[in-house]
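Peer 1: Please find the sequence and the predicted model below.
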Amino acid sequence: MNPIAYLNGEFVSPEQMMVPVTDTGFMMGVTIAEQLRTFQGKPFRIADHLDRLMGGLRLINLDLPIQEDQLVEVIHTVASHNGPLLDVHDDIGITVFVTPGPYRTYHPSGPFQPVLGVHSYALPFQFWNEKYTAGEKLSLSSVQQVSANSWPFALKCRSRMHYYLASLAARSHSPCCTPLLLDEEGFISETPVSNVVAYFEEHGFVTPPADSTLNGISLRHLQDIAGRLQIPFAGRPLSPADLKTAHAVFVTSTPFCLLPVSQLDNHTYDLRNATPLLHKVLDLWSNDVGVDILQQANRFASRVV
């Protein structure tokens, strides 16, 4: 059995997932996208992801070319077909993207139909499995987060040159570093792939305000878990100096869920502070999804696809 993908109303092979070079998504980076993952073959918090997708489409005045419940069915079909092609205990990532379709300069007479695609990939656990114990290394970037005056933080899109430049700069210092961007006021924003959360013994979890960063789906789940653990969870501006006084710092994102931070530039964090809390959170997260998150990452980090 071969993997499938979805493009413009049809299930196709992944090799047929092609968007023309004259598409607005290619020409201008106008692409609304969501990255999901499965646990036990089931897409995680699919409703939240699609709510964010639909919100992004509304912000750019673009209609989803099919009904939302049809898109849900498409995602489940891709997951149920492609997931079993891996080990029964493995899981996949799923990408959903929408572009406005043809760029008017090249297609002045239209028609202008949005492009909708859904495809999957084997989760690259090798990128993060060791970081659950060794931690993530962050580097404050000289590349600034895009201002909310340019586009709303709620917009999850593929216009990501600033993230690319920040990553290039970080890798020039260390191939292991992930850039941490600041906003135009000098406060902590996010990395190219994750939300940042500080933990203070006296305050609990503190993350940048919801209206100043992308509203992460995994960040929401962390907040849910914090409530169950009776740990306060709040949003407020965080300066780099604030972050360096934190008892522990974490990054959270759909693929890896939660990682501890071991270093911010020349400042190091004692992971003995982060590890007990990390395991409390991941134990509950694993129970929620029916998968031992750490065990799965370690087991499939060396898989060959």
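Peer 2: Nice, I can see it.
Peer 1: what residues go with each domain of this protein?
Peer 2: 5-123, 131-289 (automatic domain parsing).
Peer 1: Take those domains and write them to CSV, including mean neighbour count.
Peer 2: (C-beta placed from N, C-alpha, C; glycine too.) What follows is the domains of the chain, written out as CSV (neighbours: other Cβ atoms under 10 Å):
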stretch, mean neighbour count
domain 5-123, 17
domain 131-289, 18
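Peer 1: next structured bit after the helix or strand where V72 lies?
Peer 2: Using DSSP states H and E, V72 falls within helix 68-82. Elements were assigned by DSSP H and E; along the chain past helix 68-82, the next helix or strand is strand 92-99.
Peer 1: Grab the nearest non-local neighbour of N215.
Peer 2: A154 (6.3 Å; Cβ to Cβ, 6 or more residues apart in numbering).
Peer 1: Do you know the pLDDT at that neighbour?
Peer 2: With respect to pLDDT, A154 scores 86.
Peer 1: Backbone dihedrals for it, both of them.
Peer 2: In terms of degrees, to the nearest 10, the main-chain angles of A154 are phi -70, psi -10.
Peer 1: three-state assignment of L294?
Peer 2: Using DSSP: H, G, I helix; E, B strand; the rest coil, the three-state assignment for L294 comes out as helix.
Peer 1: and it, what does it touch?
Peer 2: Listed by Cβ atoms under 8 Å, 6 or more residues apart in numbering, the contact set of L294 reads 132, 282, 286.
Peer 1: Just the ones of the residues you listed in helices?
Peer 2: Of the positions in those, 132, 282, 286 sit in helices, assigned by DSSP state H.
Peer 1: residues contacting the first one?
Peer 2: Same thing as Y132. Here Y132 is in contact with 259-260, 278, 282, 294, 297 (Cβ under 8 Å, 6+ apart).
Peer 1: Farthest-apart pair in the residues you listed, please.
Peer 2: P260 and A297 (13.8 Å; Cβ to Cβ).
Peer 1: Take the domains of the chain and write them to a markdown table, including distance to A301.
Peer 2: Output for the domains of the chain, formatted as a markdown table (distance: least, Cβ to Cβ, whole Å):
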| stretch | distance to A301 |
| --- | --- |
| domain 5-123 | 10 |
| domain 131-289 | 11 |
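Peer 1: quick one: which of those domains is nearest S302?
Peer 2: Nearest to S302 among these is domain 5-123; the distance by Cβ to Cβ comes to 12.1 Å.
Peer 1: First-to-last residue distance for that closest one?
Peer 2: 16 Å (Cα to Cα, to the nearest Å).
Peer 1: same deal with stretch 211-225?
Peer 2: Stretch 211-225: ends 21 Å apart by Cα to Cα.
Peer 1: Begin at 25 from now on, thanks
Peer 2: From this message on, residue numbering opens at 25, which makes the last subject stretch 235-249.
Peer 1: now what about that stretch, what contacts it?
Peer 2: Contacts for stretch 235-249 (Cβ under 8 Å, 6+ apart): 68-69, 72-73, 76, 172, 177-178, 180, 207, 211, 213-214, 218-219, 221, 229, 231, 257, 261, 274, 276-278, 281-282, 305, 308-309, 312.
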